[in-house]
Every structure is written in structure tokens, then in C-alpha cells.
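> Give me coordinates for this.
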Amino acid sequence: MTQRNNRFNRIYALAVCASLLPGSLNGQQPPSGEGEFDRVRTVNILQEPRHRSVYTDGQLRLIDVQINPGDTTLPHTHDSAILYTFISNGQGPLNGSVSSTTSYVDEQFTHRVTNEGPGLFRIIALANYGAPVSGEAPAVGGMTRQPQLENDWFRSFRLDLAAGESRTGLTHGYPVAIVQVSDGLLHVTRADGITNELRAAGDWAWRDAGQAYQIHNKSNQPVSVVINEGKR
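Modelled structure (predicted):
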């Protein structure tokens with residue numbers, strides 16, 4: 001990926017964030033000089049308290065970002081490719097919209113984020129600290145939908161399940177984070193019967209590469225889920 005494309009991707013991702021989160025982002029530009037954040041310590045994204053690492057698989061990190069109304073993060077530095085699944089901003093649900101930024105691999109980026117409220121700001125983010133994977137990605141067993149987003153670090157699918165609907169035989173060539181993005185009750189069940197019960201937007205399950213699973217909407221309403229692969 002060229003430097004020009006990296007800069008374009010970063011600008012595009014920030015524009016997406018700004019459009020999704022009106023009035024809630026603060027300090028989107030990198031520090032212009034030493035001392036800009038001198039009153040507050042600057043940390044890596046993995047050490048920022050509101051960016052909670054909830055699962056680690058090698059070079060992949062699943063991060064649950066939650067910022068309460070009126071709160072502001074510490075200045076934090078991004079240094080990996082990252083995929084965002086937007087759950088909510090301070091003004092309401094975002095229904096699992098996704099975007100990705102890969103330019104942080106070549107050019108680190110430091111900023112702060114403020115949630116002006118009145119509700120919770122929440123993102124489920126997947127960070128990939130591994131090398132890019134080029135070429136055609138392996139097919140997904142049981143998946144008939146085309147990916148909604150793909151680059152050399154991630155591939156993302158969205159499924160909208162009717163009440164009572166199941167999708168079976170799902171198998172990926174990469175590890176996946178399965179993120180519920182609307183209200184309802186989902187069962188994510190492995191071939192050995194182990195089940196994760198997801199009950200609300202922002203709930204998630206993890207499946208290893210090659211591990212078959214099914215998703216069953218146990219509720220009486222449609223439920224949407226975003227399935228994010230971390231390439232490696």
C-alpha cells in the first residue's frame with residue numbers, strides 16, 4: 001500500500017468517524033509539537049483505560065471501547081491496523097456500521113475522544129498487529145453474503161437473521177469475532193455443542209480458524225450480527 005493511499009485511508013476513516021459521531025470527537029489531528037498533551041499522560045491504545053482488551057489471539061486484539069457521557073479518553077496512540085464495529089455514540093445506536101484504518105501501521109496516530117452524551121459511546125474494535133496478507137482470502141463455509149469490507153488485515157461480513165432463523169456450517173480460514181449489533185437473543189454454537197449466548201448489541205463471541213459454528217436467532221425479532229475476520 002502506498003503512502004498516498006495510507007494517508008487517504010486515514011483521512012477517510014476519520015471522516016467516517018466524524019459523520020457517525022457528530023460532535024463527539026476531540027483532538028482528531030496528531031500532536032503538532034512536543035507538549036500538546038503535556039498535562040495528561042499519553043499511552044498506547046492498549047493501555048488506555050476506556051479501550052479494554054477483552055480477547056487476545058496472537059497478534060489479534062479485540063477491544064471493547066466504552067466512553068461514558070461527558071468523559072474523555074487519555075491521549076492514546078494507534079500503531080496497528082484496526083477495524084471498528086460501531087455500536088453507539090452518545091446520541092444513539094449505530095447498528096454495527098464498520099470502518100477500518102490501516103495507515104497506523106506506517107504512521108502512528110495520537111488523539112483523544114470525548115463523548116458529549118447523553119448516552120454511551122461504544123465500539124468493538126479488532127486490532128491486527130500482524131503482517132498484511134495479500135491475495136485472495138479463503139472462502140467462508142456456509143456464507144452466501146459478500147464481504148462488506150476487506151483489506152490486507154481484515155474481512156467483514158454482516159448477517160441479518162429473521163426471527164428463529166439459523167445459519168449453520170459457518171467456517172473461516174481466519175479467526176473471527178462475531179459481534180451482535182442489534183437487540184435480541186442469539187446462540188453461537190460450536191460443532192462440539194459449546195454455546196455463547198449473546199443478548200444485546202456489543203455482545204460478542206470468538207471462533208478460531210477452521211472451527212465450525214452456527215448462529216441461531218432465538219428471539220421473536222430480527223437480529224443483526226457482524227462477523228470480522230483477522231487475517232494472518
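> all helices of this structure, in order?
For the chain, helices defined by DSSP state H occupy the ranges 3-20.
> For it, which element, helix or strand, carries the lowest mean pLDDT?
Using mean pLDDT, DSSP states H and E, the weakest-scoring helix or strand in the chain turns out to be strand 25-26, at a mean of 41.
> burial measure for the nearest residue to residue 63 once chain neighbours are set aside, as a count.
Closest residue to residue 63 apart from its sequence neighbours, by C-beta to C-beta, 6 or more residues apart in numbering: residue 125 at 4.3 Å. Quick note: C-beta positions are derived from backbone N, CA and C, even for glycine. Residue 125: 21 surrounding residues under other C-beta atoms under 10 Å.
> Quick check, residue 125 in contact with residue 62.
Yes: contact criterion C-beta atoms under 8 Å: residue 125 and residue 62 qualify, at 7.5 Å.
> Quick check: the gap between residue 156 and residue 91.
Per C-beta to C-beta, to the nearest Å, residue 156 is found 24 Å from residue 91.
> any idea how far residue 40 lies from residue 48?
Residue 40 is 11 Å from residue 48, by C-beta to C-beta.
> what do you get for residue 209?
29 Å.
> who's residue 166 bridged to?
Under DSSP bridges, the beta-bridge partners of residue 166 are residue 216.
> ok, back up a step: so residue 40 and residue 48 - more neighbours on which side?
For residue 40 versus residue 48, neighbours defined as other C-beta under 10 Å are more numerous around residue 48 (19 against 11).
> quick one on the thing from earlier: got any residues that touch both of residue 40 and residue 48?
The contact sets of residue 40 and residue 48 overlap at residue 74 (C-beta atoms under 8 Å, 6 or more residues apart in numbering).
> Phi and psi next, for residue 48.
The phi/psi pair for residue 48 (degrees, to the nearest 10) reads phi -80, psi 120.
> Now do the domain split for this structure, please.
Domains of the chain are assigned by automatic domain parsing as 3-128, 149-230.
> chain center to the first one, what's the gap?
This means domain 3-128. Computed by C-alpha atoms, centre = their mean, to the nearest Å, the chain-centroid distance of domain 3-128 equals 10 Å.
> and the gap between residue 214 and residue 110?
Look at residue 214 and residue 110: by C-beta to C-beta, they are 42 Å apart.
> Between the two, point out the one with more neighbours.
Neighbour count, other C-beta under 10 Å: between residue 214 and residue 110, residue 110 has more, with 19 against 16.
> how about the nearest residue to the more buried one, chain neighbours excluded?
Leaving aside its sequence neighbours, residue 110 sits nearest to residue 77 (C-beta to C-beta, 6+ apart; 4.5 Å).
> so what's the one you found up against?
With contacts defined as C-beta under 8 Å, 6+ apart, the neighbours of residue 77 are 42, 43, 44, 45, 108, 109, 110.
> Ok, residue 172 next?
Shown in contact with residue 172 (C-beta under 8 Å, 6+ apart): 138, 140, 141, 207, 209, 210, 227, 229.
> Please convert the residues you listed to TSV, extending it with neighbour count and pLDDT.
Converted to TSV, these look like this (neighbours: other C-beta atoms under 10 Å; pLDDT from 0 to 100):
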residue	neighbour count	pLDDT
138	15	96
140	20	97
141	13	97
207	21	98
209	15	98
210	12	97
227	26	99
229	27	99
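> could those residues be laid out in JSON lines, adding distance to residue 82?
JSON lines is the format used below for the contacts of residue 172 (distance: C-beta to C-beta, whole Å):
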{"residue": "138", "distance to residue 82": "22"}
{"residue": "140", "distance to residue 82": "22"}
{"residue": "141", "distance to residue 82": "26"}
{"residue": "207", "distance to residue 82": "20"}
{"residue": "209", "distance to residue 82": "20"}
{"residue": "210", "distance to residue 82": "24"}
{"residue": "227", "distance to residue 82": "17"}
{"residue": "229", "distance to residue 82": "14"}
